[in-house]
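Undergrad: Give me a 3D structure for the following:
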Amino acid sequence: MSRHRLWHFEPKLVRDTLHHVFQCAKQIHEIELELIRQLSQIDENRYFVRLGYKSLRTFCVHDLKFTRTQAQRIVTEVRRHRTTFEIEQQG
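TA: Numbers count the residues shown, from 1 in each chain. As a prediction, this is how the structure comes out:
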């Protein structure tokens, strides 16, 4: 596989751009993990009920401004994270 022409003309630009993308992705993953942890605590204690919501999903859609699909994926991850955390504490 040959390298793209830009690599030959501007190798530093290519390296710097790729490095920046990797750093951004790392930050996104860290923030997502923190969001999952916080939402897990909110779901476990049902804090969203105080705001008038019946579920974590509706809280995510209306207050956190996620789409319905995003909210469902987040809720799935929150529940998966909670069961993983419970298994780790038991073991």
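
Undergrad: Arg50 versus Glu30, what's the distance?
TA: According to Cβ to Cβ, to the nearest Å, Glu30 stands 28 Å off from Arg50. All C-beta atoms are positioned from the backbone trio N, CA, C, and that covers glycine.

Undergrad: Backbone dihedrals for Gln23, both of them.
TA: phi -70, psi -40 (degrees, to the nearest 10).

Undergrad: mind starting the numbering at 13 from now?
TA: Sure, I'll start numbering at 13, so the last one becomes Gln35.

Undergrad: if I pick it, what's in contact with it?
TA: Applying Cβ atoms under 8 Å, 6 or more residues apart in numbering, we find Gln35 in contact with no residue.

Undergrad: which sections of the protein are below the confidence cut-off?
TA: Along the chain, segments meeting pLDDT under 70 span 13-20, 96-103.

Undergrad: mind listing the strands for it?
TA: Under the criterion DSSP state E, the chain carries no strands.
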